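K.L.:
sequence first, then the predicted structure, then my questions.
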Amino acid sequence: MRITLLILISFLCFHGFAQKKPNVILICADDLGYGDLSCYGATKLNTPNLDKLAAAGIRFTNGHSTSATCTPSRYALMTGEYPWRKKGTGVLPGDAALIIPTDRKTLPRVFKDAGYQTAVVGKWHLGLGEQVEKNWNGEIKPGPNEVGFDYSFIFPATADRVPTVFLQNHRVLALDSSDPIAVDYKQKIGTEPTGRENPELLKMKSSAGQGHDNTIVNGIGRIGFMTGGKMARWVDEELSYTFLEQAKQVISGNKQNPFFLYFALTEPHVPRMPGTMFKDKSGLGDRGDAILQLDWTVGEIMKQLENQGIAKNTMIIFTSDNGPVLDDGYQDEAVTRLNGHTPAGTLRGGKYSALEGGTRVPFIISWPSAIKPAVSNALVSQIDFLQSFATLLQQKITAGTASDSENQLDAFLGKNKVGRSTYIEQGGALSIIKDNWKYIVPQNGPAYSKLVGIETGNLASAQLYDLNKDKEEKNNLAEVHPERVKALAALLEEIKNK
Ligand code: NG6
Ligand code: CA
């Protein structure tokens, strides 16, 4: 009897109670909208792998990035601090210096200090080095390795910005020392053609007036000028496979110990250059094809976990850094071949916008051994990963750091159905949400950006929406509830001054 009990207890300890620390893979898409996946209602696109992930985990209907563009969102994700508290957290050029303080307990450090191996693969866009002027041919630091990642395989900024090269830890990959790289965002350097001077050389035309007409790399006009480093330049059509291969290696190389992988996909950000396998598969042009490629990539990650025998105790988080955009600098038929697809679903706005389409994004968490499948309406945000994982892994966060990050572990695991009560979103204007009432700060400027074809959310007077009943932000109730407007405006000021 006693022996049976002992066996039972040790069995439970091994398989149940004393769960080994989970591996965590945080997959962040680039500019993927709330309505871009079939599990979020898309009917013109089919994303079977993400649908499968969602069906096995929790699909959040009110999941957010902090901001409607990349750099600020990722800054919040890494630091647990609202990006608008800090100057210089807007969309960064490709030669920017690192904006994350290296002495912080960042999200990767939470894992590292808990004994995890940590890696980042994909888009970085948080700056590199101490200053703008840097030698791209030597060691480049500080960067991801100095803020908590044991291993990094990244590109510096965005797919449409130079330098169009990979960095492995501190160095540009495959650099030929006889062909040094130089980068400039102010003026042309070197003799290579630019989109402005030689548009006939482009395989994909840039949109008018959006600035993607500097150095041509792989037939595509980029933002910024570069020269040299020809061997090191990426091929856009292979970008995604290169990152996937790296991610798969991180997984297989760490199957014996817990790991945290931040896998920052480049789809469906411009320039959309899907590989041959996906070319013309969606019927929606390159943007749709890029989303199919993204979905396939997530499927490959899931397969790799199965093959390595670690799928059950690996948590996969899938989300996006900001809402969708169609024309973001290139004439790639995203608009003309849309075919009735609605990238932001029923939400108003998209990338750059203060409306829900700006920051409400796909948000899925699966962890087969610990999470029951569900759909959750809890308000959850990427900014809370830091405190929540610190809680899960019993890590202390010093007062004064990550001060905007809340412990929402129970919401992420599906045990709490409410999530945050108060949250601040950053589009052009700031908005504050409390108990699902959203107030958008009055902001001058056009209500619609013709350049990108997106409602900005700007209005010279207050906007108030009841997101419980109206996540589509159709009925501005500011005049009906002036006292609520006043209270929310005051609360926003209080949080800003914290
Ligand atoms: C903008 C670019 C846009 C895109 C964006 C960054 C112009 C006019 N537009 O400045 O093409 O690169 O920056 O996107 O230059 S993000 O997802 O990384 O925030
Ligand atoms: Ca983005």
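P.N.:
Noted; the coordinates are in hand. Numbers count the residues shown, from 1 in each chain. Ligands and ions are numbered 1, 2, ... in the order given.
K.L.:
in the stretch 201-350 of the chain, which spans are strands?
P.N.:
216-217, 220-221, 225-227, 259-264, 314-320 (DSSP state E, counting those that start in this stretch).
K.L.:
ugh, wrong one, the stretch 351-498 of the chain
P.N.:
Here the stretch 351-498 of the chain has its strands, by DSSP E, counting those that start in this stretch, at 363-366, 374-376, 380-381, 422-426, 430-434, 437-440, 448-449, 454-455, 463-466.
K.L.:
just tell me which of the ones you listed ends up closest to Leu355.
P.N.:
The minimum distance between Leu355 and those falls on strand 454-455, with 5.9 Å, by Cβ to Cβ. For every residue, glycine as well, the C-beta is placed using N, CA and C.
K.L.:
give the other helices and strands that that closest one contacts.
P.N.:
Applying 3 or more Cβ pairs under 8 Å, 6 or more residues apart in numbering; DSSP states H and E, one finds that strand 454-455 makes contact with strand 448-449.
K.L.:
show me what the strand it packs on is packed up against.
P.N.:
strand 454-455.
K.L.:
chain center to stretch 386-399: distance?
P.N.:
How far stretch 386-399 lies from its chain's middle: 21 Å, per Cα atoms, centre = their mean, to the nearest Å.
K.L.:
same thing with stretch 346-358?
P.N.:
Relative to the centre of its chain, stretch 346-358 is centred 16 Å away, using Cα atoms, centre = their mean.
K.L.:
is ligand 1 contacted by that stretch?
P.N.:
No - using Cβ under 6 Å from any ligand atom, stretch 346-358 stays clear of ligand 1, with a minimum separation of 6.7 Å.
K.L.:
what pLDDT, on average, does that stretch get?
P.N.:
For stretch 346-358, mean pLDDT rounds to 98.
K.L.:
pull out the buried positions in it.
P.N.:
Neighbour-count burial for stretch 346-358, counted by 16 or more other Cβ atoms under 10 Å, picks out Leu347, Arg348, Gly349, Gly350, Lys351, Tyr352, Ser353, Ala354, Leu355, Glu356, Gly357, Gly358.
K.L.:
isn't the fourth one up against Gly358?
P.N.:
Yes - with contact defined as Cβ atoms under 8 Å, Gly350 reaches Gly358; the gap is 6.6 Å.
K.L.:
looks to me like Val121 is in a strand.
P.N.:
Yes - according to DSSP: H, G, I helix; E, B strand; the rest coil, the state of Val121 is that of a strand.
K.L.:
read off the pLDDT value for it.
P.N.:
Here, the pLDDT recorded for Val121 equals 99.
K.L.:
same thing with the one 10 residues further on?
P.N.:
Predicted confidence (pLDDT) at Gln131: the value is 98.
K.L.:
so it, which state does it fall into?
P.N.:
The three-state assignment at Gln131 reads coil, by three-state DSSP.
K.L.:
which residues does it contact?
P.N.:
Residues near Gln131 by Cβ atoms under 8 Å, 6 or more residues apart in numbering: Ala97.
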